[in-house]
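**Q** just the structure for this:
(chains A and B)
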Amino acid sequence: MMGLIPLAVGDPTTPTAASSASQMGATPFIVLSAILFTIGAVGVLTRRNAIVVFMCVELMLNASNLALITFSRANGNLDGQIAAFFVMVVAAAEVVVGLAIIMTIFRTRRSASVDDASLLKY
Amino acid sequence: MSEALLPLHTVAPFVDPTGADGVFSLLWLVIALPALGAAVLLVGGRRTDRWGHLLGCATVVVSFVLSVILFIALAGRSDDDRSVHQHLWTWFTSGSYKVQFDILYDQLSALFLLLITGVGSLIHIYSIGYMAHDDRRRRFFAHLNLFVASMLVLVLASDYLGVFLGWEGVGLASYLLIGFWQQKHSAAFAAKKAFVVNRVGDIGMALAASLIFATFGSTSFKVVSENAHNASKGTLTAIGLLLLLAACGKSAQFPLQSWLLDAMEGPTPVSALIHAATMVTAGVYLITRSNFIFSIAPDARTGVVLVGTITLLMGAIIGCAKDDIKKVLAGSTMSQIGYMILASGLGVAGYAFAIFHLLTHGFFKANMFLGAGSVMHGTNDDVDMRHYGALRTSMPVTFLTFAMGYLAIIGFPGFSGFWSKDKIIETALDQNVVIGLCALLGAGITGFYMTRLMLMTFFGEKRWEKDVHPHESPKVMTVPLIVLAALSALGGLLLVGNWIVDWLSPVVGSEEHVDTTLSPWVLSALAVIVVAGGVAVAWMLFGRRPIPREAPTDVSFVTRAARVDLYGDAANEELFVKPGYGLVHGVMAFDDGVVDGGTVGTATALGHLSARGRMVQNGFVRSYALTLLAGAALVLLALLVVTW
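**A** Below is the predicted model:
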């Protein structure tokens, strides 16, 4: 995947793995990231099953990771990749806590619907 | 009355006081002894019950002995060296304002010292017998001592602030003593009334002291008297009128007279102390002491004269209609103090006579109040004169001593009141005929109501209640009566060779004697004739006819008005109490509606608002997510707009 993304434009000295014919701009990656993010967001808003909502959240996180890495590649530095690492770590921790909560709710209420877990209000 | 009728006189130069050495270094003890007595008796509590009354008497008697010694020492000095100054301590300092707690002992204070401690001692001794059966007698003596100590502070202070301290002390002590029988609702009420009315006068005192400080930068008599002529006339008049308001409160002058008649609720020795030696004399003292202000503020003096004249007539009229023996005497006190205030308002010519009348009045009024107490003591504390009659046979000593006081107050030739009242009428007539005639008329009414009192109490037939067996009081009560009777009869000796006028002239100034329009002898004769007229009318109405045991109801309008203190209480009720209630209710309504309504209303409105806003927290995670997304979208949009 890294090879598909050109390094800084107009930097002929930098060797690239991909041939110039297969070189693609950053735009398709950003578009893909946006599509994934939108799918995730719509999923979070529309689905009732907590597991599915969770998966959608993961999708959104990964969409943002993709965007980060794309920019990292485009700018020729590693800042975006470092940020992506942090997002992954946070996502992993979040999965641990979130799944545990969902499990507990399911055990007590026999339902994984987020709409059913609406006692914490006003 | 125009200013021209109150000519300017020579103002007394303030004599630079000399330090207190020799016997004068004991000056502070005169105050300290009664104060110590009060402290010991109040702090000591029940442990001092057995000997408390003896200690209470001892402190005042020793004070009196000291006063006599000091007086003799003062009289031994030369005429222009009779002002002694004892520095005790610096009371407080604030910036350039320094108040010394100093004693100023001069001719004026000396006379007051003798009166307060002398008459005070007799009243203390009398109280041993009068209060013998009261189980709170020790407390009574503690309060009496406090009263005397406060009054001594008042007359010995060298500073208006020091006077104010004594002034308030007297107010407190009078409150405690008038309400001494606090279990009686009327006594508690009378004490409160006296306190509240006195507060009105105290405002005058506080404002006067403040104005004096603002004008002269100091409140000590020395500084004020030296600089008084530099102040503007308006300021001096304002100070004078404020001091007059203060005097009206303490001396029960119109329009602050209403507390005095109710103050009769206290034990009779208290009435004697308030009316003769302390309290009501404070106002006269204040005006006389402030002569350096009044002498150059004729407008303020006019106010003083008017107040005095109105009060002397009011008091006399009230005294005519009362059946309560103590209230008749209270009315007469109002009237006599009116004479003193009137005299002190006449300027340099009158100050000395005001003090002279104050002294003689102190003797005969203490005498008559204690006599009235003795009568009550023998008649189961009945105060209604319609239940007396023919007491002269069963209480001969009380009768004879009371008669001395009676002859003194009506101004029977030769008795003390004759000399002092005559001088006031003479001086008043000399300055303003109308005022003088009012004073003369007052003397006639005095003759009427005092004769009425004598006839109803000691003459006529017996009208006693069935279980009353009048008896003479014990020696401890009659001896003070005899002493006071002697003083009432002989008090006029103070005027021999114009002694009192010469004695006081370094303090209050003096004037060249001017020939009066009428010779003094003609005037005296005139006064005696007017008084005789009053006595004769009283004899016609009360001496020759039987006196009904119930007060007649078909009486003239004047009598009805006088029975209710000339509508003094009703006027206060309508002018101050009711508007006061209205104001309080208005303030309360404002507080409830606007202040409380504002805060509570705001809180309620915010509560309702947050109850609405809270509904956003509906518990549905997905709606939160939507909000989140919308927010994020909004931020993005905003960024786009900004960076466009």
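**Q** when you work out contacts or count neighbours from here on, use the C-alpha atoms and nothing else.
**A** Noted.
**Q** OK, contacts around the residue nearest to residue B:569 when sequence neighbours are not counted?
**A** The shortest distance from residue B:569 to any residue other than its chain neighbours is 6.5 Å, reached at residue B:258 (CA to CA, 6 or more residues apart in numbering or on different chains). Contacts for residue B:258 (CA atoms under 8 Å, 6 or more residues apart in numbering or on different chains) come out as B:197, B:252, B:565, B:568, B:569.
**Q** could you list the low-confidence segments of the chain?
**A** You didn't pick a chain, so chain A it is. Scanning chain A with the threshold set as pLDDT under 70 gives A:1-23.
**Q** chain B is the one I meant
**A** Filtered on pLDDT under 70, chain B yields the residue ranges B:1-16, B:20, B:511-518.
**Q** contact residues of it facing chain A?
**A** Residues of chain B lying close to chain A (CA under 8 Å from any CA of the partner chain) are B:614, B:615, B:616, B:617, B:618, B:619, B:620, B:621, B:622, B:623, B:625, B:626.
**Q** ok, how many other residues are close to the last one?
**A** Pointing back at residue B:626 there. Residue B:626 is flanked by 16 other residues according to other CA atoms under 10 Å in any protein chain shown.
**Q** how about the closest residue to chain A within chain B, secondary structure?
**A** Residue of chain B nearest chain A, by CA to the nearest CA: residue B:619 (4.2 Å). Put simply, residue B:619 is coil when judged by DSSP: H, G, I helix; E, B strand; the rest coil.
**Q** give me the neighbour count for it.
**A** Around residue B:619 there are 18 other residues, counting by other CA under 10 Å.
**Q** in a strand, residue B:90, correct?
**A** Yes - assigned with three-state DSSP, residue B:90 falls within a strand.
**Q** just to check, it is in contact with residue B:103?
**A** No - under the criterion of CA atoms under 8 Å, residue B:90 is not in contact with residue B:103, lying 11.8 Å apart.
**Q** before we move on, back to that, and which of the contacts of residue B:258 is nearest to residue A:68?
**A** The nearest member of the contacts of residue B:258 to residue A:68, counting by CA to CA, is residue B:197 at 88.0 Å.
**Q** that closest one and residue B:570, how far apart?
**A** According to CA to CA, to the nearest Å, residue B:197 and residue B:570 sit 15 Å apart.
**Q** out of the two, which sits in the more crowded spot?
**A** Legend: neighbour count by other CA under 10 Å for residue B:197 and residue B:570, higher for residue B:197 (20 against 13).
**Q** what packs against the helix or strand where the more buried one lies?
**A** Element membership for residue B:197 (DSSP states H and E) is helix B:185-216. When contacts are defined as 3 or more CA pairs under 8 Å, 6 or more residues apart in numbering or on different chains; DSSP states H and E, helix B:185-216 packs onto helix B:160-178, helix B:221-227, helix B:233-250, helix B:258-262.
**Q** how big is the angle separating the third one from helix B:160-178?
**A** Note on geometry: by axes from the mean of the first three to the mean of the last three CA atoms, to 10 degrees, helix B:233-250 and helix B:160-178 are set 20 degrees apart in direction.
**Q** next one: helix B:233-250 to chain centre, how far?
**A** 16 Å (CA atoms, centre = their mean, to the nearest Å).
**Q** chain B versus the nearest residue to residue A:78 once chain neighbours are set aside, what's the distance?
**A** Nearest residue to residue A:78, sequence neighbours excluded (CA to CA, 6+ apart): residue A:72, at 5.7 Å. Here the criterion is CA to the nearest CA, to the nearest Å. By it, residue A:72 lies 21 Å from chain B.
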